[in-house]
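Novice: I would like to see how this sequence folds:
(one chain, ligands or ions: 1)
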Amino acid sequence: MNQFEFPHTIPNWIDGCESGSSASETFAKFSPVTGKEICRVARSRTADVGRAVRSAANAFSIWSAQTPVARGDVLMAIARTMRCRQERLAAVVAAETGMSFKAAAAETAGAIALGEFMAGEGRRLYGRTTTSAVPNKWAMTVREPLGVAGLIIAANTPIANVAWKVFPALVCGNTTVLKAAEDTPATAWFFGQLAHEAGLPPGVLNIVQGLGEEAGAPLVTDPRVAVVSFTGSTAVGREIARVAGSRLARCSLELGGKNPLVVCDDADLEIAAQWAVLSAFSNAGQRCAAGSRVIVFDSIYEAFRDLLVARTRRLTVGPGDEHDFGPVINAQQLEAMLTALERARTAGAVIRTGGFRLDDSAHAGGFYLAPTWVENAAPDAEISTTEIFGPVACLYRVNDFAEALELANRSPYGLTACIHTRSIHRAIEFTRRVQAGAAVVNAGTYGSEPHMPFGGVKQSGNGTREPGTEALDVYSNLKNIIMAFDPNLT
Ligand code: NAD
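Specialist: Model prediction:
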């Protein structure tokens, strides 16, 4: 079953109930596959966000008073419900993103695994004991929830993005307001349905639909929101950090990337080409961890490029399980990609393959871009330094390892990085010196797992890591408890 019937209007979830925006406003959601409107979405504004935050604030005392183990049990019930309804959940993801059902099912499986992992953290919400310089004194840390967590997410992998934030926030004892991405409202809404079916009490998870300025920004300014966790672009993240910082709210930022994949002269070129293509084009390049800068040693440059181009020309683009990747998420993003490519051409870059919208009868109306390799772009050109977030990647030629490392690090971003080499020396030196939150050897620039900390350096984030157990640091306070005792009083 991979068809999903959208409701006429996707509502919010506030205090355990579905509701429209208080002004009854809606906006259109378009299918990336056909370009046609598939549903309307509640257009929430400050008043709706305020109601959602109030509901979360009211639910906090009861949810935070449950033991972490009991909260973990509820998370496990949600993960089980997701598993029972996995096909339908994947169908929702596929229908609103245009990715294949197979890709959506894999993403859904990852989101369920994350729920199971975080459910287990309910039994491991460890603190530390520590020594004291003073005799007869003990100290230990315990984790405490922060209060209401405001969660704002991007559309690219919608159910993974929901799971990465909601599960760790909840197991720590926070109540939540999730601002769904405007391009993937149905996944968040359906997750809300499953969570409530699984027994999550009303008000613990509120989901607000709407546009960034109208429904995201009020969540960041609301003084009742103790922590803002954001996944999205660096430009918006910077603004969120400014606003949250002005009221000293905690803030976790998972932002963009322009991730390098280095191919050395001793690499297995077939394997490197396979991973370069996957890193650049899987999910239509809409990954923060996409490999968008492929840096190749001069002595193998032509051979590797020809392999890459041949592989790329064999890719098929469309919404089916037989296709390699699907459309990009909306018409504006597609237009921005085509404009960026035009500017790159004008600045002297060469489009080796792709570079155009696919609009033949098989792709009519859809937001499809042919997989694109760009050559001859200067390392400091706009196309080399700006995230495209689509199936577009650049090739660069370097003389040796030192130049490759220097170019890999010559970026405002620092999310992930990868090297292909048979040399242990190159591999270790690269992982040691590359400026990134994740460094990979002989695979792709993406592929983090639920138990691994993920996040970037430089303009890819503000130093937090989600998920993994490190996500618990985002969503809890450490309290140091100190106890003095007197053995003479026993
Ligand atoms: P975006 O920043 O435009 O939007 C992300 C979310 O923020 C959306 O829900 C949007 O409505 C909301 N938003 C927009 N303006 C806002 C404002 N002023 N205040 C509050 N909320 C606001 O990003 P996008 O184009 O939808 O997503 C793509 C970006 O996300 C890319 O840069 C990508 O690299 C990044 N991303 C990062 C990670 C990561 O883990 N590092 C994962 C996925 C995506």
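Novice: Could you measure from L415 over to the ligand?
Specialist: 6 Å (Cβ to the nearest ligand atom, to the nearest Å). Where C-beta positions appear, they are placed from N, C-alpha and C, glycine not excepted.
Novice: wouldn't that residue be in contact with A439 here?
Specialist: No. The criterion here is Cβ atoms under 8 Å, and L415 misses it with A439 at 10.7 Å.
Novice: Which one's more surrounded, the two?
Specialist: L415 (30 against 18; other Cβ atoms under 10 Å).
Novice: residues in contact with the closest residue to that one other than its chain neighbours?
Specialist: Spatially, and ignoring its direct neighbours in sequence, L415 is nearest to G257 (3.2 Å; Cβ to Cβ, 6 or more residues apart in numbering). Contacts for G257 (Cβ atoms under 8 Å, 6 or more residues apart in numbering) come out as 288-290, 292, 387, 413-416, 456, 460.
Novice: and G257, what helix or strand is that in?
Specialist: Using DSSP states H and E, G257 sits within no helix or strand.
Novice: F389 versus that one, what's the distance?
Specialist: Remark: distance between G257 and F389 (Cβ to Cβ, to the nearest Å) = 9 Å.
Novice: who touches both of those two?
Specialist: Common neighbours of G257 and F389 (Cβ under 8 Å, 6+ apart) are A290.
Novice: tell me which residues of the one helix or strand T81 maps to are tucked away?
Specialist: Assigned by DSSP H and E, T81 belongs to helix 68-84. Within helix 68-84, the residues that count as buried by 16 or more other Cβ atoms under 10 Å are 68, 71-72, 74-82.
Novice: Give me the helices and strands touching it, please.
Specialist: helix 101-121, helix 158-171, helix 185-197 (3 or more Cβ pairs under 8 Å, 6 or more residues apart in numbering; DSSP states H and E).
Novice: Return the residues in contact with R85.
Specialist: L194.
Novice: Spell out which parts of the stretch 101-250 of the chain neighbour the ligand.
Specialist: By Cβ under 6 Å from any ligand atom, the residues of the stretch 101-250 of the chain that approach the ligand are 152-156, 179, 181-182, 211-213, 216-217, 220, 231-233, 236, 239-240.
Novice: Sort out for me which of those are in helices.
Specialist: Judged by DSSP state H, helices contain the following of those: 217, 220, 236, 239-240.
Novice: In space, what's closest to S282 - neighbours in sequence excluded?
Specialist: The spatially closest residue to S282, leaving aside those adjacent along the chain, is F325, at 6.1 Å (Cβ to Cβ, 6+ apart).
Novice: neighbours around that neighbour, how many?
Specialist: By other Cβ under 10 Å, neighbour count at F325 equals 26.
Novice: wait, A195 sits on I78?
Specialist: Yes. The criterion here is Cβ under 8 Å, and A195 meets it with I78 at 5.0 Å.
Novice: still on that earlier bit, let me know the distance separating the residue nearest to L415 from T372.
Specialist: Counting by Cβ to Cβ, the gap from G257 to T372 is 18 Å.
Novice: before we move on, back to that, which among the residues of the stretch 101-250 of the chain next to the ligand end up buried?
Specialist: Of these, these count as buried by 16+ other Cβ under 10 Å: 152-156, 179, 181-182, 212, 216-217, 220, 231-233, 236, 239-240.
Novice: Kindly list the single helix or strand of the chain that scores lowest on mean pLDDT.
Specialist: Lowest on mean pLDDT, DSSP states H and E among the helices and strands of the chain sits strand 129-130, with a mean of 92.
Novice: which element follows that one toward the C-terminus?
Specialist: Next helix or strand after strand 129-130 toward the C-terminus (DSSP H and E): strand 137-145.
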